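Engineer: below is the sequence, then the predicted model.
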Amino acid sequence: MPLPKPPAKRASILSPQDYENQAAPRPRKGSTQKSEPPAAPALLELLEPAAPVAAAAQAVKKVRPPVASVVSDAPKVATKATRERKPRHVGPPKIFVLDTNVLMHDPMSLFRFDEHDVYLPMITLEELDNHKKGMTEVARNARQVSRELDALAVNSSLGSGEGIALAKTGHREALGKLFFQTTLLNVQLPVGLPQGKADNQILGVVQSLRDQHKDRDVVLVSKDINMRIKARALGLPAEDYFNDKTLEDGDLLYTGVLPLPGDFWDRHGKTMESWQQGGSTFYRISGPLVPSLLVNQFVYLESPGVAPLYAKVTEITGKTAVLKTLKDYSHQKNAVWGVTARNREQNFALNLLMDPECDFVTLTGTAGTGKTLMSLASALSQILDDRRYTEVIVTRVTVPVGEDIGYLPGTEEEKMSPWMGALDDNLEVLARTDSGAGEWGRAATQELVRSKVKIKSMNFMRGRTFLNKFVLIDEAQNLTPKQMKTLITRAGPGTKIVCLGNLAQIDTPYLTEGSSGLTYAVDRFKGWPHSGHVTLARGERSRLADFASEVL
């Protein structure tokens, strides 16, 4: 039987809100750090050197075959078409003047501006030199920037007005040039601004460049909000550096859960195959819903009068996908160390946490959704009951909410214990689940549980390898993408890593929902067969905590 034709719009399959959650993030309006809309066809035709190549490129754009087939069949046309499909800025390249904090935030920011030019004021180099000493993240980034600038300056004249090609060191995505301030600029800034301050000197450079290059846009890029406000007050264009952001809007983050349309069985039932294996039912579906699915994504269908469907996507092959029904952890017989799921998303999360084939799990949600409790319960169950892992390693970022209390005495674990109050609270809940063991039995159980839980500091993770461990990273929203990569790459054979966090509670300076390491990991790992993510929606801590999270 022929497959049903997909509808013209995906909105008939998904609700507008669900489709928006699955869609790719849009670039920020008016920005030039990221890709802009493609040039008009007439302009592309003028840029073409020869008509045959243009026709071939247009044909490739219409057909859109896989990249591998294009490269193997016609490498010249593919290269041209690929270059044209990349959205480019219309008009002369812009000049971006970088503030020092941008370079110290992202050492590779020099190469993130596509075909536009980058200009470094001399005061920026002076500030980099002042921050290069020490072992902090800022000092390491400052030294990295100095090494990149040194590599660009080899066999080049820094004082020439032609600039240095940024693609010189192998960064082919950077098509612009790098310019240095080599002369003293006499700029008349408002009298109220102190002339010796570094920020005001950079503003003077931007003002001078605008006067020199009236045919080009000169934009200040800074992570300092007050610097951008000051620039706009002087009539100078300024914007934030947002190429480090995975998403522009936190609402577009992958949730890991997709509700099925009400007519799912009518649309997909005719071509569906089903079978049972290992106590689960599998459905092989084909149709318009498949392109919107990802591996290890959870789907559900709840309709009045019909048995609900809760399943996980286990395989996607071409235009077909395989759904596997879930184990019901809301029932007491399937309790994990005495913990049962209280809502749909918690059931999805426990299915991921108890899956031995899932090596990396991320759970996000507001306060009181059960992230830490479920993770600890599944860890203890798989360590003491299933013997799948040897111990739990718990770590978190030591970023205080308020004033820091200073240095703490004791060993590494004793220093970390004040930061692990949430762990102690959840261990106390898990130790009280066995009511029939008596006081001595509970004390023995608690001692056994404590012996299997190790608290480690993130500062000493570099170079380690965890074998058959259950690694729990709490408060992961305070991690930078670089720190997240450092922790995840510690995993050895048989290790499972679980990242927990609430993106609404970020305490690390300069981190936002879009640039957090947790957002970065969720976006990069979605669709990998050995990872999974669930956004927990409902709080189950108490009625007071639920109401407070809504109204406060």
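Structural biologist: Arrived safely, thanks for sending. Numbering: from 1, shown residues only.
Engineer: what strands line up against the longest strand belonging to the chain, and which way round?
Structural biologist: The residue-count maximum for a strand in the chain (DSSP state E) belongs to strand 309-317. Using DSSP bridges, the strands paired with strand 309-317 are strand 298-301 (antiparallel), strand 320-325 (antiparallel).
Engineer: out of these, which gets nearest to P121?
Structural biologist: Closest approach to P121 among the strands paired with strand 309-317 (CB to CB): strand 298-301, 50.9 Å. To be clear about C-beta, it is placed using only N, CA and C from the backbone, and glycine gets the same treatment.
Engineer: contacting residues for P509?
Structural biologist: With CB atoms under 8 Å, 6 or more residues apart in numbering as the criterion, no residue contacts P509.
Engineer: element containing Y283, please.
Structural biologist: strand 280-286 (DSSP states H and E).
Engineer: using CSV, write out every CA atom in that strand.
Structural biologist: What follows is strand 280-286, C-alpha atoms only, in CSV (Å, rounded to 0.1, in the frame of the first residue of the first chain):
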residue,chain,number,x,y,z
SER,A,280,7.4,-4.1,25.8
THR,A,281,5.3,-3.4,22.7
PHE,A,282,7.0,-2.0,19.6
TYR,A,283,5.4,0.0,16.9
ARG,A,284,7.0,0.7,13.5
ILE,A,285,5.3,3.8,12.0
SER,A,286,5.8,5.7,8.8
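Engineer: strands paired with that strand, and their directions?
Structural biologist: By DSSP bridges, strand 280-286 pairs with strand 273-277 (antiparallel), strand 320-325 (antiparallel).
Engineer: need the winner for burial among those.
Structural biologist: Greatest average neighbour count among the strands paired with strand 280-286 goes to strand 320-325 (a mean of 20), per mean count of other CB atoms under 10 Å.
Engineer: what about that strand, distance to the chain center?
Structural biologist: Here the centre of strand 320-325 is set off from its chain's centre by 27 Å, with CA atoms, centre = their mean, to the nearest Å.
Engineer: look up phi and psi at T255.
Structural biologist: Dihedral angles of T255 (phi, psi; degrees, to the nearest 10) stand at phi -90, psi -20.
Engineer: where does the stretch 151-300 of the chain dip in pLDDT?
Structural biologist: Low-confidence segments of the stretch 151-300 of the chain (pLDDT under 70): 157-160, 248-250.
Engineer: scratch that, the chain
Structural biologist: 1-90, 157-160, 248-250, 399-407, 412-413, 418-421, 432-438, 440-442.
Engineer: can you give me the helices in the stretch 451-552 of the chain?
Structural biologist: 481-488, 517-525, 543-551 (DSSP state H, counting those that start in this stretch).
Engineer: quick one, the shortest one and helix 517-525 angle?
Structural biologist: What it means is helix 481-488. 70 degrees (axes from the mean of the first three to the mean of the last three CA atoms, to 10 degrees).
Engineer: contacts made by helix 481-488 with the rest, please.
Structural biologist: Here helix 481-488 has contacts from 137, 244, 246, 360, 395, 397, 458, 461-462, 471, 473, 476, 479, 497, 499, 515, 517-518, 520-521, using CB under 8 Å, 6+ apart.
Engineer: again, but for the last one
Structural biologist: Among residues not part of helix 543-551, those counted as contacts by CB under 8 Å, 6+ apart are T366, A367, G368, R538, G539, E540.
Engineer: how about that helix: buried residues?
Structural biologist: D546, S549 (16 or more other CB atoms under 10 Å).
Engineer: centre of the chain to that helix, how far?
Structural biologist: 28 Å.
Engineer: equivalent analysis for the first one, please.
Structural biologist: Chain-centre distance of helix 481-488: 11 Å, with CA atoms, centre = their mean.
Engineer: i'd like the first residue to be 175 from this point on
Structural biologist: Shifting the count to begin at 175 puts that one at helix 655-662.
Engineer: C-alpha coordinates for it, PDB please?
Structural biologist: Output of helix 655-662 as PDB, limited to C-alpha atoms (Å, rounded to 0.1, in the frame of the first residue of the first chain):
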ATOM      1  CA  PRO A 655      30.200  24.900  28.000                       C
ATOM      2  CA  LYS A 656      34.000  24.300  28.500                       C
ATOM      3  CA  GLN A 657      33.500  23.000  32.000                       C
ATOM      4  CA  MET A 658      30.700  20.800  30.800                       C
ATOM      5  CA  LYS A 659      33.000  19.300  28.200                       C
ATOM      6  CA  THR A 660      35.700  18.700  30.800                       C
ATOM      7  CA  LEU A 661      33.300  16.800  33.100                       C
ATOM      8  CA  ILE A 662      31.600  14.700  30.400                       C
END
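Engineer: show me which pair in the contacts of helix 717-725 is furthest apart.
Structural biologist: A541 and R712 (11.8 Å).
Engineer: how about the helices in the stretch 275-424 of the chain?
Structural biologist: Under DSSP H, counting those that start in this stretch, the stretch 275-424 of the chain gives helices at 296-304, 311-327, 372-386, 399-407.
Engineer: could you find the closest non-adjacent residue to D291?
Structural biologist: G350 (4.4 Å; CB to CB, 6 or more residues apart in numbering).
Engineer: no wait, E519
Structural biologist: Nearest non-adjacent residue to E519, counting by CB to CB, 6+ apart: L710, 4.7 Å away.
Engineer: with R402 instead?
Structural biologist: A412 (4.2 Å).
Engineer: give me every residue that touches that neighbour.
Structural biologist: By CB under 8 Å, 6+ apart, the contact set of A412 is V393, L394, V395, S396, M401, R402, A405, R406.
Engineer: and with 7 Å instead?
Structural biologist: Neighbour list for A412: V393, L394, S396, R402, A405, R406 [criterion: CB atoms under 7 Å, 6 or more residues apart in numbering].
Engineer: centre of the chain versus the longest strand of the chain, how much separation?
Structural biologist: Using CA atoms, centre = their mean, the offset of strand 483-491 from its chain centre is 24 Å.
Engineer: how about that strand: buried residues?
Structural biologist: Going by 16+ other CB under 10 Å, strand 483-491 has these buried residues: L483, Y484, A485, K486, V487, T488, I490.
Engineer: and the second one, what does it touch?
Structural biologist: The reference is to Y484. Applying CB under 7 Å, 6+ apart, the residues near Y484 are Y474, T499, L500, N521.
Engineer: give me the neighbour count for the first one.
Structural biologist: The local packing count at Y474 equals 18, with neighbours defined by other CB atoms under 10 Å.
Engineer: correct me, but it touches L483?
Structural biologist: Yes: under the criterion of CB atoms under 7 Å, Y474 makes contact with L483 at 6.3 Å.
Engineer: how about stretch 562-576 as CSV, C-alpha atoms only?
Structural biologist: The C-alpha coordinates for stretch 562-576 follow below in CSV (Å, rounded to 0.1, in the frame of the first residue of the first chain):
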residue,chain,number,x,y,z
ARG,A,562,25.7,-2.2,37.5
TYR,A,563,27.9,0.5,39.0
THR,A,564,30.3,0.6,41.9
GLU,A,565,29.5,3.9,43.5
VAL,A,566,27.9,7.4,43.1
ILE,A,567,30.2,10.4,42.5
VAL,A,568,28.4,13.7,43.2
THR,A,569,29.8,17.0,42.2
ARG,A,570,28.6,20.6,41.6
VAL,A,571,29.7,24.1,40.9
THR,A,572,30.6,26.0,44.1
VAL,A,573,28.9,29.2,43.2
PRO,A,574,27.3,30.9,46.2
VAL,A,575,23.8,32.4,46.0
GLY,A,576,24.8,35.3,48.3
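Engineer: just give me how far it sits from the chain centre.
Structural biologist: So, by CA atoms, centre = their mean, the centroid of stretch 562-576 is 20 Å from its chain's centroid.
Engineer: what is the strand or helix carrying V271 packed up against?
Structural biologist: In this structure, V271 sits in strand 269-272 according to DSSP H and E. With contacts taken as 3 or more CB pairs under 7 Å, 6 or more residues apart in numbering; DSSP states H and E, strand 269-272 sits against strand 291-294, helix 372-386, strand 392-395.
Engineer: which helices and strands sit right next to the first one?
Structural biologist: The reference is to strand 291-294. By 3+ CB pairs under 7 Å, 6+ apart, strand 291-294 packs against strand 269-272, strand 351-354.
Engineer: which of those strands is buried the deepest?
Structural biologist: strand 269-272 (a mean of 24).
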